[in-house]
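**Student:** Build me a model:
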Amino acid sequence: MKLNPNVIERRIGWIFFIIWLFTFIFYFTWDGWIQEWRITGYEGENQHFDLDPFDFSVTTKNDGTYIYNSTNNLHNLIYICYFVFFMGWFGLLFDIEWAKQGTMGTVGISFIATLSTLNPSDHLYILQINYDIVHLSGIILGLFLFSRHRPSLKKITTGILLTSVFYILSRIIYEPWPYWEESANAYYSVNQINDVPFYFYGFEYSVVIALLYFINLTILLINTRIKNKKIWVFTPMIIYTITCILLFSLNLVHPPAVDLTTWTG
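**Tutor:** I've put the predicted structure just below:
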């Protein structure tokens, strides 16, 4: 791969690659998770740095529901917003068109995730601060790309479809097998911000894919009528804000309650 010949895009790519690298190191070594921290604070057993990526622990109760005792260092890497962030710097640094368009096509996820995690008390937690960095970095990269390019419904497809891989992986890895049974309170739902209205072997994510295409089609139709590139960026900001307000008003954005215990293993 060759570096992007566009100096501005290449420099922005380098800056956000460095930020992404630091967040990767943090995600890979920090063993805490928000749900436990809300109960135990930094005194919880999981609130520490370690190099054990496989200390996930879950208990299945007699009624088939789950108690999450602990997660592991890898759970935050399987995160859709982190992938949105990756596509942004990767596309800018190496002039990869599908990655640039992928961030443009999926940045709405990071935008809505940001508006959905505004609880002031959570921002006392180091992991939530890292989430904020990931969300805002993806948004900045996406809006920068929107200021220079129109979205292409064909070119955004790769990025949009790849987000579904992260969704399904998070279900498989963080739910007891078979991962699709009675999973409304599984940990993946918190990691991916929100429960979905129904469960069907991972295909429920098709609702998100359809929504992303609808949003991007709306942005494209509006921006084709705007000649000034400098104001292209305002269209997605307005559309994402309206979408988020509608989702909240319909009670479709809500982190689920997870049955958990403090891990002592």
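**Student:** C-alpha only now, for contacts and for neighbours.
**Tutor:** OK.
**Student:** Tell me which stretches of the stretch 51-200 of the chain form helices.
**Tutor:** For the stretch 51-200 of the chain, applying DSSP state H, counting those that start in this stretch gives helices covering 80-94, 97-116, 126-146, 157-174, 187-191.
**Student:** do you know which of those lies nearest Asn69?
**Tutor:** In terms of CA to CA, the element of these nearest to Asn69 is helix 187-191, at 10.6 Å.
**Student:** pLDDT score for the residue of the chain positioned farthest from its centre?
**Tutor:** Centroid-distance maximum for the chain: Asn62 at 32.5 Å, with CA atoms, centre = their mean. In the predicted model, Asn62 carries a pLDDT score of 79.
**Student:** got the contact list for the lengthiest helix in the chain?
**Tutor:** Across the chain, the longest stretch assigned as helix under DSSP state H is helix 7-29. Residues outside helix 7-29 that contact it (CA atoms under 8 Å, 6 or more residues apart in numbering): 3-4, 49-53, 73-74, 76-77, 85-86, 88-94, 130, 134, 137.
**Student:** Over to stretch 120-130?
**Tutor:** With CA under 8 Å, 6+ apart as the criterion, stretch 120-130 contacts Thr23, Gly32, Trp33, Ile34, Trp37, Arg38.
**Student:** In contact with the third one, which residues are there?
**Tutor:** In this structure, Trp33 makes contact with Asn46, Gln47, Thr71, Leu127, judged by CA under 8 Å, 6+ apart.
**Student:** What does the third one show for phi and psi?
**Tutor:** Thr71 has phi and psi values of phi -110, psi -160 when expressed as degrees, to the nearest 10.
**Student:** Could you tell me how many residues sit around it?
**Tutor:** 22 (other CA atoms under 10 Å).
**Student:** And what about the closest residue to Asp95 other than its chain neighbours, helix, strand or coil?
**Tutor:** Using CA to CA, 6 or more residues apart in numbering and skipping residues adjacent in sequence, the residue nearest Asp95 is Asn4, 4.7 Å away. The three-state label given to Asn4 by DSSP: H, G, I helix; E, B strand; the rest coil is coil.
**Student:** In this structure Asn4 contacts Glu97, no?
**Tutor:** No - in terms of CA atoms under 8 Å, Asn4 does not count as a neighbour of Glu97; the distance is 10.8 Å.
**Student:** who's more crowded, those two?
**Tutor:** Higher neighbour count among Asn4 and Glu97: Asn4, with 18 against 14, using other CA under 10 Å.
**Student:** tell me the phi and psi of that one?
**Tutor:** The phi/psi pair for Asn4 (degrees, to the nearest 10) is phi -60, psi 130.
**Student:** contacting residues for it?
**Tutor:** Arg10, Leu92, Leu93, Phe94, Asp95.
**Student:** Grab the nearest non-local neighbour of the first one.
**Tutor:** Spelled out, that is Arg10. Per CA to CA, 6+ apart, closest to Arg10 is Leu93, 4.6 Å.
**Student:** Next: Ile215.
**Tutor:** Ile215's closest residue in space is Ile239 (CA to CA, 6+ apart), at 7.2 Å.
**Student:** my guess is the one you found is in a helix, correct?
**Tutor:** Yes - assessed by three-state DSSP, Ile239 belongs to a helix.
**Student:** can you pull the pLDDT of Asn191?
**Tutor:** 53.
**Student:** Please list all residues in contact with the nearest residue to Asp31 once chain neighbours are set aside.
**Tutor:** Leaving aside its sequence neighbours, Asp31 sits nearest to Asn73 (CA to CA, 6+ apart; 4.8 Å). Going by CA under 8 Å, 6+ apart, Asn73 touches Tyr27, Phe28, Thr29, Trp30, Asp31, Gly32, Asp50, Leu51, Asp52, Pro53, Phe54.
**Student:** among those residues, which ones are buried?
**Tutor:** Tyr27, Phe28, Thr29, Trp30, Asp31, Gly32 (16 or more other CA atoms under 10 Å).
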